[in-house]
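**Student:** Give me a model of this one.
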Amino acid sequence: MSELYENRELSWLKFNERVLEEAEDKRNPLCERLTFMSIYQTNLDEFFMVRVGSLHDQMLLEDDPKENKTNMTASEQLVAIREGVKVLGIRKDESYHKLMKEIEKKGIKLVKFDDLDENEGAYLQGFFQREIQPLLSPFTISKKRPFPFIKNKEICACAILATKGGKNRVGIVPCNNGMFSRLVEIPGNKGRFMLAEELILHFLPEIFSGYSVVCKSLVRVTRNADIDADKVYDEELNYRDHMAEVIKQRRKLEPVRLEYTRDVDKKIIKRVMSFFKIDKEMVFNTTAPLDMSFLFQIQDMLRHEKELFFDKRIPQKSPELDETKPLIPQIMEKDKLLSYPYENIRPFLGMLQEAANDPDVVSIKMTLYRLAKQSKVVEALVEAAENGKEVDVLVELKARFDEENNIEWSRTLENAGCHVIYGLDGLKVHSKLCLITMKKGKDVQYITQIGTGNYNEKTARLYTDLCLMTGDQKIGAEAARVFKALSMGEVMKRTEHLLVAPKCLQNKILDKIAREIQIAKDGGEGYIGVKINSLTDKKIIDKLIEASQAGVKIEMVIRGICCLHPGIKGKTDNIHIVSIVGRFLEHSRIYIFGKGEREEMYIASADFMTRNTVRRVEVATPLYDPAIRDRVREMFRIQMSDNVKARVLGSDGNYKYVKHTKPAIDAQKIFFDEAYNAAGSVIEG
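**Tutor:** Numbering: from 1, shown residues only. Model (predicted):
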């Protein structure tokens, strides 16, 4: 049965390979390819911090546990990850250097000291002595001077230093302290730069003037960030203060990866490895810079050359809502669906703002997972509280890498008079749920918003997500029960309309798949259509395999991890899976079961991952409005038909671009064109 499954971590590496393909794809404008190159690196950093960190923790357990699909142990997975990352690393380096040659044709070049004449070298030496050296904190390592703490992802210049007495020491200089620009411009011909860390590395002999530099390299360490906030809970602190302590602890977790940039004497790498206590198998050499964030500065320098970027596209107004009139009555009259980033998030924000000031609104309840740095959502909730509304907000402080932002927002909300809670013991609250309660005379009425993505105005311009706003009172009443359970520290154990993890989502999905299996066995047309970010839940995977064997047609759009191999004769040959990686990050989740009159359709916050289905609070909502169902079904059909940015997953676990046997279908482009046409706007570019 192992041929049916893919290891989660190796599938993720294949996803990041698809991101790298976007950096290599000459159909993408040059500066946008720089963005994908940077995303590839930041993705990989987070992968090491979280997934590799978790595997390292598992290896410390006595039995070296096996994962449940390919039966690989944690140590076996780490070996496979290392080999995969090394292969991709070589490709990434080659792609980076090719990109920079293209950038050079646009008048911007990163230079090395070998490229400089004597006057330029003298200028840089003076610049280093004036602008950089006074801000550095160099260290030499000895018994009385232990190895300093190096922050996660911090670039350092390291050297083996020889004393006059013949002894060797290690010298180390942290390079990115934020006090000087990363790109150092060289005078003369405009557009020539050197990275600050390269400048520091070159002048190590001046920094360590009492020594002879034997060999030197730039290094960068990645630290484990996988810390279980609940396991280290300190009952002496309130939960918000505890999470602040967890963030501090994370910064000091053990290293899991070491990168270096020079083909140097292995002595220096061995010494640095010993200081960091990193296994040699997790040491990687690269010829590209250790941090790609400077690529965004290069983009800014070329911003005037519009052909180097994607044509400008901005979210459009929804034709379903008239923003010049009150929004709440429009939503009460008919369900409304917003599709980001093609349509603007503004109507949802307007609805919140309207509710904050509506005398009939008595309460607003909301779950918050990730927020923008300048959040209009929080502004509306604060205004509602100040206007005397009851505002109950669940702020998930365990939203990884957004904890600090959420801690600050929780303080802001609390100070405004909102009632703030922080989730459930052992469960993250990942749902995207908002409930507005109104009282008109003796009648209580609800407006419910349920979405697939975060309440973040910035990502609503970059991620594809769906947002349902409904006046359906049955859904509103059930959403009220969800909030009641959350406020009591409980989970939903029974639902009629919504699917609510951890108790009422996975089991209901399995039941719906079982229904399609029975339909197919009875000679009918069984059908399942799913759009998610990742598929790892083995119970669901095995049920999908069973459905395929029964003759159920299964279509899936899975952007990232997929632990199921489709197309295996007699087992998964009725399953067709594509991955779309393009300009916008595919983030919406759609579930479709059945066809015709018995069709059930949902949008959801949950992927088919065990962490979503049984370890988080997630919400999926049915789509009852026929027009909305038609629209979402057509969106799904177009995505399954994409032959520009879609890759088809083969039975061997590898992805290949869809062959161009038909006219080009770029789903993301089609959806934006439709949004512009519906809004009556003129498409630029």
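
**Student:** Below-threshold pLDDT in the stretch 201-350 of the chain: ranges please.
**Tutor:** 227-252 (pLDDT under 70).

**Student:** Regarding the chain, what is its longest helix?
**Tutor:** Longest helix in the chain, counting residues (DSSP state H): helix 74-104.

**Student:** Packing partners of it?
**Tutor:** helix 8-24, helix 30-47, helix 53-59, strand 109-110, strand 283-285 (3 or more C-beta pairs under 8 Å, 6 or more residues apart in numbering; DSSP states H and E). In this view, the C-beta of every residue, glycine as well, is placed from N, C-alpha and C.

**Student:** Which helix or strand contains Val173?
**Tutor:** Element membership for Val173, per DSSP states H and E: strand 168-174.

**Student:** now that strand: mean pLDDT?
**Tutor:** Across strand 168-174, pLDDT averages out at 91.

**Student:** cool, stretch 630-644 as well?
**Tutor:** For stretch 630-644, mean pLDDT rounds to 97.

**Student:** Can you show me the CA trace of it as CSV?
**Tutor:** Output of stretch 630-644 as CSV, limited to C-alpha atoms (Å, rounded to 0.1, in the frame of the first residue of the first chain):
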residue,chain,number,x,y,z
ASP,A,630,-23.3,28.1,-9.3
ARG,A,631,-20.6,30.6,-9.0
VAL,A,632,-18.4,28.5,-6.8
ARG,A,633,-18.9,25.4,-8.9
GLU,A,634,-17.8,27.3,-12.0
MET,A,635,-14.7,28.7,-10.1
PHE,A,636,-13.8,25.1,-9.2
ARG,A,637,-14.3,23.9,-12.8
ILE,A,638,-12.1,26.6,-14.2
GLN,A,639,-9.3,25.8,-11.7
MET,A,640,-9.5,22.1,-12.6
SER,A,641,-9.2,23.2,-16.3
ASP,A,642,-6.2,25.5,-15.7
ASN,A,643,-3.4,24.7,-18.2
VAL,A,644,-1.0,27.6,-17.5
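
**Student:** That one: which residues count as buried?
**Tutor:** 631-633, 635-636, 638-640, 642-644 (16 or more other C-beta atoms under 10 Å).

**Student:** which intervals of the chain have sub-threshold pLDDT?
**Tutor:** Counting by pLDDT under 70, the chain has low-confidence residues at 1, 61-62, 227-252, 399-402, 685.

**Student:** Okay, buried residues for the biggest strand by length in the chain please.
**Tutor:** Looking across the chain with DSSP state E, the single longest strand is strand 212-223. Burial within strand 212-223, assessed by neighbour count using 16+ other C-beta under 10 Å, is assigned to 215-223.

**Student:** now that strand and helix 30-47, what's the angle there?
**Tutor:** If you take axes from the mean of the first three to the mean of the last three C-alpha atoms, to 10 degrees, strand 212-223 sits at 80 degrees to helix 30-47.

**Student:** Going forward, count from 177.
**Tutor:** Fine by me, first position is 177 from now on; the one you just mentioned is strand 388-399.

**Student:** which strands and helices sit next to strand 388-399?
**Tutor:** So strand 388-399, by 3+ C-beta pairs under 8 Å, 6+ apart, packs with strand 331-338, helix 372-378, helix 380-383, strand 431-436, helix 442-452.

**Student:** now those as JSON lines including mean neighbour count and distance to Leu589?
**Tutor:** Shown next, in JSON lines, are these (neighbours: other C-beta atoms under 10 Å; distance: least, C-beta to C-beta, whole Å):
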{"stretch": "strand 331-338", "mean neighbour count": "23", "distance to Leu589": "37"}
{"stretch": "helix 372-378", "mean neighbour count": "22", "distance to Leu589": "40"}
{"stretch": "helix 380-383", "mean neighbour count": "16", "distance to Leu589": "48"}
{"stretch": "strand 431-436", "mean neighbour count": "23", "distance to Leu589": "35"}
{"stretch": "helix 442-452", "mean neighbour count": "17", "distance to Leu589": "40"}
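
**Student:** Just tell me which of these ends up closest to Arg735.
**Tutor:** Nearest of the helices and strands packed on strand 388-399 to Arg735, taken as C-beta to C-beta: strand 431-436 at 24.7 Å.

**Student:** Output the contacting helices and strands for the closest one.
**Tutor:** Checked by 3+ C-beta pairs under 8 Å, 6+ apart, strand 431-436 has strand 388-399, helix 442-452, strand 459-461 packed alongside it.

**Student:** hey, C-alpha coordinates of the first one in PDB?
**Tutor:** Spelled out, that is strand 388-399. The C-alpha atoms that make up strand 388-399 are tabulated as PDB, following Å, rounded to 0.1, in the frame of the first residue of the first chain:
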ATOM      1  CA  SER A 388      46.300  36.200  10.800                       C
ATOM      2  CA  VAL A 389      43.100  35.200   9.000                       C
ATOM      3  CA  VAL A 390      43.700  31.500   8.000                       C
ATOM      4  CA  CYS A 391      40.200  31.000   6.300                       C
ATOM      5  CA  LYS A 392      36.900  32.700   6.400                       C
ATOM      6  CA  SER A 393      33.200  32.300   5.400                       C
ATOM      7  CA  LEU A 394      29.800  33.700   5.900                       C
ATOM      8  CA  VAL A 395      27.500  31.400   8.000                       C
ATOM      9  CA  ARG A 396      23.800  31.500   9.000                       C
ATOM     10  CA  VAL A 397      22.100  29.300  11.500                       C
ATOM     11  CA  THR A 398      18.400  28.300  11.600                       C
ATOM     12  CA  ARG A 399      16.900  27.500  15.000                       C
END
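
**Student:** related to what we said a few turns ago, quick one, which of the helices and strands packed on strand 431-436 gets closest to Thr543.
**Tutor:** Taking those one by one with C-beta to C-beta, strand 388-399 is closest: 30.0 Å.

**Student:** mind listing the strands in the stretch 477-626 of the chain by residue range?
**Tutor:** 512-516, 537-544, 566-571, 595-597, 604-605, 609-616, 619-627 (DSSP state E, counting those that start in this stretch).

**Student:** Could you dump those strands into TSV with distance to Ile490 and mean neighbour count added?
**Tutor:** What follows is the strands of the stretch 477-626 of the chain, written out as TSV (distance: least, C-beta to C-beta, whole Å; neighbours: other C-beta atoms under 10 Å):
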stretch	distance to Ile490	mean neighbour count
strand 512-516	12	22
strand 537-544	25	22
strand 566-571	30	22
strand 595-597	33	17
strand 604-605	32	22
strand 609-616	24	21
strand 619-627	20	21
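
**Student:** Much appreciated, bye for now.
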